[in-house]
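A.B. asks: sequence and predicted structure below; questions after.
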Amino acid sequence: MYAVVTLQDSDEVMVAPSHWLSTDKKQSYWPPFRSPEKCMEAVQNRLKPETGGKTWEKLNISFHKEYVSFDKAIEGQKEITEQKERSFLLATGFPGVLKRQRLESTQEMSKNPLHPTPSTSRMSADDKDELLHMLRDIKSTVQENSGMLKKLLKENTVSESPSSTSLPSKDVKTSINLPLRTSEDVVRTEMELSNAATRQKYVEHLSRIRGFGAKDVIQNIMQRVLTDDLAMEFNWQGRGEKKAFSRLILADVIRDAASKHSVMRADCETEIKNYLWYTIDRIGRKRPKVCGDMTSEVTSPTLLDNAFQSEIGMYFIDD
């Protein structure tokens, strides 16, 4: 018998012999081999979970299903992986990514006379294939980045105590790409944040951003996380044609980071709502206004006076 499980540390869907699993099916022995081929061979041959008389390490898992043969388990692994990928994209609420890819694909095929433009009847199947291919690419990139991050951490292990000659560790700068500028950036980051270790790195990075009071802390964090152009695509609940910021793992990361500055959860959500609400106003004040031959900054008044906004911010209803 073979089981399909998800390794909780890496969020990878894998096949394992049933006798590797613990009785409660919450843990599984896992081979220490670096070679994927050798690991696959150990699984397929249902080896005893030990090397040189030393028992393998147990990893935390999420159990999915058991199968009578290795081939059936591989099919189940593929099916469960695809289901997780579909669920992830639906949960993040980014239909625009798929629409844009479909438009680009249609335009490219229409330019090539050797290939007919896909018919409407085939679009649904094509969309599915494009979506799964895109998510596999994203997942592959995340896994590669995780491997590079682990290598960097090993190579750059230094004492955390401050020193006049020591340099700050580079792992945060090389693994955290902020601010996010596009919907694709958000999808990629949400995939990264599904890993507990990566999520903690984002929390630690954002918790270094300070401010005077809840409003100032959240405003500074949000400016670090999103460009104003991307913030235009969100409101808290996802009403109208906008996406729901509250559904993102990133929103929980911001709450955790803000809590390290004693910002309460309710206050954090209120200030995020206010920040998204006033995005148009911030953009208007940043962009230059041309008057004759003179160029000056637009002095557009805010929708509400800052002080007044702070007083009533807690009464804003969800967008």
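C.D. replies: Structure's in. What do you need? Numbers count the residues shown, from 1 in each chain.
A.B. asks: all helices of the stretch 201-319 of the chain, in order?
C.D. replies: Ranges of helices in the stretch 201-319 of the chain, per DSSP state H, counting those that start in this stretch, are 213-225, 228-231, 249-259, 265-277, 279-286, 306-312.
A.B. asks: mean pLDDT lowest where, among these?
C.D. replies: When the helices of the stretch 201-319 of the chain are ranked by mean pLDDT, helix 306-312 comes last with a mean of 44.
A.B. asks: reformat the helices of the stretch 201-319 of the chain as CSV; add mean neighbour count.
C.D. replies: To be clear about C-beta, it is placed using only N, CA and C from the backbone, and glycine gets the same treatment. Converted to CSV, those look like this (neighbours: other Cβ atoms under 10 Å):
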stretch, mean neighbour count
helix 213-225, 20
helix 228-231, 18
helix 249-259, 20
helix 265-277, 19
helix 279-286, 15
helix 306-312, 11
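A.B. asks: export those to CSV and tack on distance to Ala3?
C.D. replies: Shown next, in CSV, are the helices of the stretch 201-319 of the chain (distance: least, Cβ to Cβ, whole Å):
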stretch, distance to Ala3
helix 213-225, 39
helix 228-231, 41
helix 249-259, 27
helix 265-277, 38
helix 279-286, 47
helix 306-312, 55
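A.B. asks: of those helices, which is nearest Met1?
C.D. replies: helix 249-259 (34.4 Å; Cβ to Cβ).
A.B. asks: show me the contact partners of the closest one.
C.D. replies: Here helix 249-259 makes contact (Cβ atoms under 8 Å, 6 or more residues apart in numbering) with 186, 189-190, 193-194, 199, 202-207, 209, 214, 217-218, 221-222, 225, 245, 265, 268-269, 272.
A.B. asks: tilt between that helix and helix 213-225?
C.D. replies: Angle of helix 249-259 versus helix 213-225, following axes from the mean of the first three to the mean of the last three Cα atoms, to 10 degrees, is 140 degrees.
A.B. asks: now Ala197: how far from Ser28?
C.D. replies: Note on Ala197: its distance to Ser28, by Cβ to Cβ, to the nearest Å, is 19 Å.
A.B. asks: doesn't Pro31 make contact with Leu59?
C.D. replies: No. Leu59 is beyond contact range of Pro31, at 10.5 Å (criterion: Cβ atoms under 8 Å).
A.B. asks: who's more crowded, those two?
C.D. replies: Ranked by neighbour count (other Cβ atoms under 10 Å), Leu59 and Pro31 place Pro31 first, with 20 against 17.
A.B. asks: got the confidence number for that one?
C.D. replies: 88.
A.B. asks: burial count for the nearest residue to it once chain neighbours are set aside?
C.D. replies: In space, and not counting its chain neighbours, Pro31 is closest to Ala42: 4.7 Å by Cβ to Cβ, 6 or more residues apart in numbering. Around Ala42 sit 22 other residues, with neighbours defined as other Cβ under 10 Å.
A.B. asks: helix, strand or coil: sort out Ala42 for me.
C.D. replies: Recorded secondary structure, Ala42: helix (DSSP: H, G, I helix; E, B strand; the rest coil).
A.B. asks: then Ala16?
C.D. replies: Per three-state DSSP, the secondary structure class of Ala16 is strand.
A.B. asks: and it, what are its bridge partners?
C.D. replies: Under DSSP bridges, the beta-bridge partners of Ala16 are Ala3.
A.B. asks: and the strands in the stretch 51-200 of the chain?
C.D. replies: For the stretch 51-200 of the chain, applying DSSP state E, counting those that start in this stretch gives strands covering 54-55, 58-67.
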